[in-house]
Structures are given as C-alpha cells and as structure tokens.
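Novice: any chance you can model this:
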Amino acid sequence: MASFTKTIHKEPYPAISSSLPSLSQATKTVLITGGSTGIGYAIARAFAFASASEIIILGRRADFVSSAASRLTAEMPEFKGKIVGRSCDISDSSSAAVLWSDLEKEGVVVDVLVLNAARTGKPGPILQVGQDEVWADYVMNVRANLDFVERFSKQNERAPNGKKKSIINVSTMAIHDFVVAGDRPNYTATKNAGTLLLQQIAKDMPVEKIQIISFHPGWILTEAARKGGYDEKSAPWDDENLPGHFAVWAASPDAAFLHGRFVWACWDVDELRTGEIRKRIDADPDYLKIGVKGL
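Specialist: Residues are numbered from 1 along each chain as shown. Prediction:
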C-alpha cells in the first residue's frame with residue numbers, strides 16, 4: 001500500500017507547499033482538534049503558512065493550548081492572522097456545546113475543521129481491555145467527531161459566509177492494516193468506524209458545500225510516540241510538516257476529486273490527480289474507500 005504511487009514523499013514538496021497561491025487559506029478560519037503538539041501543531045503551522053485568517057488550536061488543557069498558540073505566534077512573526085488557543089474536551093458533549101456556543105456569540109464561523117484529536121486506548125485483546133475502555137475509545141474517535149461535524153455543518157446554516165467548507169480527518173493506516181496497531185485492536189476498530197462515518201457523511205454532502213477527506217499522516221515521531229519508547233533511531237520517520245502541508249492541500253479545491261476518500265499523506269498528489277489513478281477514481285465511486293471487495 002505504501003507504494004500506491006510511484007513517488008513516495010517523506011517531507012513537504014512543491015505540489016503541496018502551503019505557500020502556493022492555489023492553496024491559499026486567506027480569509028479562512030481553521031479549527032484544529034488536538035492542535036497543541038505533534039501532527040496537529042504541524043497542521044496549524046502549515047495553515048499559517050497558507051495565510052489563514054484565524055487558527056484555533058483546541059485541546060483539553062487551557063495552559064497547553066495557550067502555550068501552543070503563543071509558541072506558534074512567535075515562530076511565525078510574518079503571519080498576519082490570529083492564532084488562539086481554546087480549551088475543550090471534545091469527548092464531552094457539554095464542553096463541545098459551550099465551545100460552539102461561544103464561537104457563535106463571538107461571530108466566529110469555522111471554514112476548515114481538522115479532526116486530529118484521537119484516543120489510542122489501552123493495549124490488549126478487546127475482551128480483556130473491557131467494554132468501558134473500548135467504549136471510551138468509540139466516544140472519542142467516533143461520537144466526538146460526529147458531534148463536531150454536526151455542529152460545524154449547522155453553524156454554516158445559521159451564519160452562512162459564502163465560503164466553501166472543508167473537513168480534514170486525520171485518520172491512520174491502521175484502519176486497513178490491522179498489523180500495524182495489532183496490540184490495540186480497539187484503536188483500529190474505532191478509527192476505522194470514525195473514518196467510515198466521514199465517508200458516509202460525504203456520500204450525502206455535495207463537495208461544493210463541504211469537502212471531506214481522510215488521510216493517514218505518515219510515520220511521525222510525536223510526543224506520544226516518544227512516551228511509547230520510540231526515538232529517532234526507532235524508524236525511518238517522516239517529517240511532521242508532510243501531513244501539515246498535505247492537510248492544507250486537502251482543504252483546497254485542488255483536492256476536490258478525493259471527496260469522501262481515504263489517502264496517505266506520502267502519496268504524490270500529481271500522480272493522484274492525473275493518469276491511471278485519476279481515471280480509476282473518476283470511474284469507481286468506491287475506490288480508496290472503506291468496504292469489502294470481491295463479493
């Protein structure tokens with residue numbers, strides 16, 4: 001699967017550069033769940049490069065999101081937009097309700113929703129982990145995302161600003177490769193369910209209204225990976241800015257042909273949008289989607 005395109009990338013490249021005029025996010029407000037560190041923070045940085053109007057970094061701890069917003073602001077002195085940190089436990093529906101209510105009161109309409117926060121869960125067979133832990137994973141990786149997508153969709157109905165909307169779902173190769181997270185089958189099951197949910201929502205959502213794309217970010221040495229015992233020598237890690245810039249590309253009109261589909265950040269976008277792969281995408285509505293083939 002990693003060789004789906006002939007060219008595989010480990011870092012950003014010209015076709016997905018956030019500085020491209022065609023990928024500009026000027027006038028757009030971007031909300032990123034789990035944006036304080038790692039992949040989420042890299043995505044926030046990439047949207048800053050793309051000149052987003054406002055970037056909202058979301059996380060459970062107020063001190064973490066505030067620090068992340070301040071750090072990114074200092075890191076990007078040329079950025080003319082606004083970077084703010086907001087605390088919200090997205091797995092808590094009441095906390096989510098307060099967040100979206102506050103945004104509405106402040107007149108903030110989110111144009112790009114990046115679903116990055118996730119729960120990896122405890123390792124072990126599902127029946128040993130137990131239903132309480134497994135269900136907590138479902139709440140975080142499925143229900144919470146549905147909650148945000150629903151609120152995101154409805155805010156545009158209440159306060160339409162004439163801008164096309166995008167939902168970017170940071171998924172994982174574990175939704176189809178059950179070996180890579182073999183010690184956490186609950187993670188595989190819940191991330192698969194969450195990605196399928198977005199796929200089904202996209203089926204009934206015109207891309208002109210809300211563009212929805214899910215992607216595997218790559219092998220990134222995040223803080224969570226380090227806490228798991230990994231270091232620079234553990235794997236041929238990808239640059240965290242690869243999924244960052246890819247997310248910006250996925251939110252642009254250039255990626256509209258992938259609406260409702262799942263791809264990898266390392267795949268070459270020029271190969272995806274041209275040639276035999278593009279022909280297959282245009283001809284097969286189930287290509288690069290979750291499902292059972294061969295029946």
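Novice: what sits against residue 59?
Specialist: Counting by C-beta atoms under 8 Å, 6 or more residues apart in numbering, residue 59 touches 33-36, 65, 68, 85, 87-88, 117. Where C-beta positions appear, they are placed from N, C-alpha and C, glycine not excepted.
Novice: out of those, who has the most neighbours?
Specialist: Counting neighbours by other C-beta atoms under 10 Å, the top entry in those is residue 35, with 32 neighbours.
Novice: what separates it from residue 290, distance-wise?
Specialist: Using C-beta to C-beta, to the nearest Å, residue 35 is found at 26 Å from residue 290.
Novice: which of the three states applies to the residue nearest to residue 66 when sequence neighbours are not counted?
Specialist: Nearest residue to residue 66, sequence neighbours excluded (C-beta to C-beta, 6 or more residues apart in numbering): residue 85, at 4.5 Å. Classification of residue 85 by DSSP: H, G, I helix; E, B strand; the rest coil places it in strand.
Novice: who are the contact partners of residue 85?
Specialist: Each residue near residue 85 by C-beta under 8 Å, 6+ apart is listed here: 36, 56-59, 62, 64-70.
Novice: nearest to residue 109, of those residues?
Specialist: residue 56 (11.5 Å; C-beta to C-beta).
Novice: is the closest one in a bridge, and if so with what?
Specialist: In this entry, residue 56 is beta-bridged to residue 31, residue 84, by DSSP bridges.
Novice: pretty sure it contacts residue 87?
Specialist: No. Residue 56 is not in contact with residue 87 according to C-beta atoms under 8 Å; the separation is 11.1 Å.
Novice: in the lowest-mean-pLDDT helix or strand in the chain, what's buried?
Specialist: In the chain, no helix or strand scores lower on mean pLDDT, DSSP states H and E than helix 223-227, which sits at a mean of 79. Across helix 223-227, burial judged by 16 or more other C-beta atoms under 10 Å covers residue 225.
Novice: residue contacts, residue 234?
Specialist: Contact analysis of residue 234 by C-beta under 8 Å, 6+ apart lists 221, 225.
Novice: that one belongs to a helix?
Specialist: No. Assignment of residue 234 by three-state DSSP gives coil, placing it outside any helix.
Novice: distance of it relative to residue 252?
Specialist: Per C-beta to C-beta, residue 234 is found 33 Å from residue 252.
Novice: which phi and psi does residue 267 have?
Specialist: Residue 267 adopts backbone torsions of phi -70, psi 140, taken as degrees, to the nearest 10.
Novice: that one: neighbour count?
Specialist: Count around residue 267 with other C-beta under 10 Å applied: 23.
Novice: which residue ranges of this protein form strands?
Specialist: 29-33, 54-59, 82-87, 112-115, 165-170, 210-216, 262-264 (DSSP state E).
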